[in-house]
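Visitor: from the sequence below, what's the structure:
(one chain, ligands or ions: 3)
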Amino acid sequence: MPRADGATILEIEELQIGIRGADGGIQPIVGAMSLSIQAGERVALVGESGCGKTLTALACLGITPPPLLVTGGRVLVDGHELAQIPAAGLQQVRGGTVGLVFQEPVGALNPVFSVGFQVVETIRSHGAESRQQARQERDDLFERVGLVPARELSRAYPHQLSGGQLQRAMLAIALAGHPRLLIADEPTTALDLTTQARILELIRSLSEEEGLALLLITHDLAVVAALVERVAVMFAGEVVELAPTRALLAEPLHPYTRELLAAVSRSPSTAGGPSSEMESVPAAAATRARSDGCRFAPRCPLVRTTCRQARQPLQDAGAGHLVRCPVVVARHDR
Ligand SMILES: Nc1ncnc2c1ncn2[C@@H]1O[C@H](COP(=O)(O)OP(=O)(O)OP(=O)(O)O)[C@@H](O)[C@H]1O
Ligand code: SF4
Ligand SMILES: [Mg+2]
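Guide: Ligands and ions are numbered 1, 2, ... in the order given. Got it, this is the predicted structure:
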């Protein structure tokens, strides 16, 4: 649950991310993305491949390498606007206030240093008093994420680890700075079910006991159902539905969310429960509208002429359920 002080640890306000083309023009990718997370709160960001989840996560740490660029909006971490934080302060945010588990751990780890060294360096740069204390913390962290035997695996280089071990090494580095917010981009995809359960339990206990907030990016609805309190559904670069987890899974309102959940329940890998992949949904890039109207209009079974004329705001459908579709909000109100 969010901590009683209600402090907002992450505030994404109308964030826009684009890509600069060879002709100098900017093609929008993420448009007007908004989301806030309170201290200790666990929130999932879901949506089909290419809708902008990873770019949003990276922008939360000020990482938008060219040709990508932030073209509008702002991100506040612990009340401080990211764009106003000087470079030295940004280093404190990255790995300090915010820990990040990248979707692709191979590129995120330095290949020339052992993973144990990289964890120790992160612990040292965020407050450990001595190298010996940092090594002890490293061993504890390795144990907690299931990288055992800790001493042996800490001497390994990234190329010597399996995909699942790399994911856990990334998590160890992300937690090494005692972050207040963990942004985890598909953190359990390469893990067996037992290890996945262990990692999810670790995140839950850090959240409940130490107030760690979580932004979890995932395609796995079983993980969503088990771990997070709220879910943001993203389509073509913007949040189209935001709701408490149980409400969203039980009664999705936005036509896109319904399509997404229906695709999951049709998937052969999901027989028996709300689990697994959302990849069977057609790519967002194909339908990313550039007009002011609803971006889902080309695929929507409920589309009206008015849907294509103006951008739809997120509207309150009651009980903390926000949806970017006036048609379903009107039906829901009846
Ligand atoms: N470095 C880049 N250069 C150009 N385009 C990019 C770059 N990174 C991402 N994109 C494009 O931006 C869009 C959003 O990408 P993003 O990685 O955020 O998607 P995603 O929602 O995380 O998808 P997935 O679920 O597959 O990880 C995609 O269409 C992608 O092709
Ligand atoms: S606004 Fe219109 S097109 Fe968009 S999801 Fe709602 S009904 Fe469909
Ligand atoms: Mg991604």
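Visitor: please work out the average pLDDT along stretch 156-170.
Guide: Across stretch 156-170, the average pLDDT comes to 91.
Visitor: and the pLDDT at the closest residue to Phe296 other than its chain neighbours?
Guide: In space, and not counting its chain neighbours, Phe296 is closest to Tyr256: 4.9 Å by CB to CB, 6 or more residues apart in numbering. To be clear about C-beta, it is placed using only N, CA and C from the backbone, and glycine gets the same treatment. On the pLDDT scale, Tyr256 is placed at 97.
Visitor: separation between Tyr256 and Ala297?
Guide: As judged by CB to CB, to the nearest Å, Tyr256 and Ala297 stand 11 Å apart.
Visitor: which of these two has more neighbours?
Guide: Ranked by neighbour count (other CB atoms under 10 Å), Tyr256 and Ala297 place Tyr256 first, with 29 against 19.
Visitor: check which helix or strand covers that one.
Guide: For Tyr256, the host element (DSSP states H and E) is helix 255-266.
Visitor: is ligand 1 contacted by that helix?
Guide: No: applying CB under 6 Å from any ligand atom, one finds helix 255-266 separated from ligand 1 by no less than 12.1 Å.
Visitor: re the thing from before, hang on, the residue nearest to Phe296 packs against Glu238?
Guide: No: in this structure, Tyr256 is not within contact of Glu238 by CB atoms under 8 Å, at 10.6 Å.
Visitor: between those two, what contacts are shared?
Guide: The contact sets of Tyr256 and Glu238 do not overlap (CB atoms under 8 Å, 6 or more residues apart in numbering).
Visitor: got a list of contacts for stretch 109-116?
Guide: So stretch 109-116 is contacted by 118, 121, 138, 142, 153-159, 161, 166, 169-170, 172-173 (CB under 8 Å, 6+ apart).
Visitor: and the buried ones among those residues, selectable in PyMOL?
Guide: Only the buried members of the contacts of stretch 109-116 enter the following PyMOL selection, criterion being 16 or more other CB atoms under 10 Å:
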select buried, resi 118+121+138+142+153+154+156+157+158+161+166+169+170+172+173
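Visitor: tell me which of the contacts of stretch 109-116 fall in helices.
Guide: Gln118, Glu121, Arg138, Phe142, Leu153, Ser154, Leu166, Ala169, Met170, Ala172, Ile173 (DSSP state H).
Visitor: circling back: residues contacting the residue nearest to Phe296?
Guide: So Tyr256 contacts Val233, Phe235, Val240, Glu241, Phe296, Arg299, Cys300 (CB under 8 Å, 6+ apart).
Visitor: can you do 6 Å?
Guide: Phe235, Val240, Phe296 (CB atoms under 6 Å, 6 or more residues apart in numbering).
Visitor: could I get these as a markdown table with pLDDT, distance to Val323 and neighbour count?
Guide: Formatted as a markdown table, the contacts of Tyr256 follow (pLDDT from 0 to 100; distance: CB to CB, whole Å; neighbours: other CB atoms under 10 Å):
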| residue | pLDDT | distance to Val323 | neighbour count |
| --- | --- | --- | --- |
| Phe235 | 95 | 12 | 27 |
| Val240 | 97 | 7 | 26 |
| Phe296 | 95 | 11 | 25 |
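Visitor: closest to Leu100 among these?
Guide: Using CB to CB, Phe235 comes nearest to Leu100 of these, at 23.5 Å.
Visitor: for the closest one, list each beta-bridge partner.
Guide: Glu238 (DSSP bridges).
Visitor: any idea how far Arg135 is from it?
Guide: 46 Å.
Visitor: next: Leu216.
Guide: Taking CB to CB, one finds Leu216 at 30 Å from Arg135.
Visitor: higher neighbour count, these two?
Guide: Neighbours per residue, other CB under 10 Å: of Leu216 and Arg135, the larger number sits with Leu216, 26 against 19.
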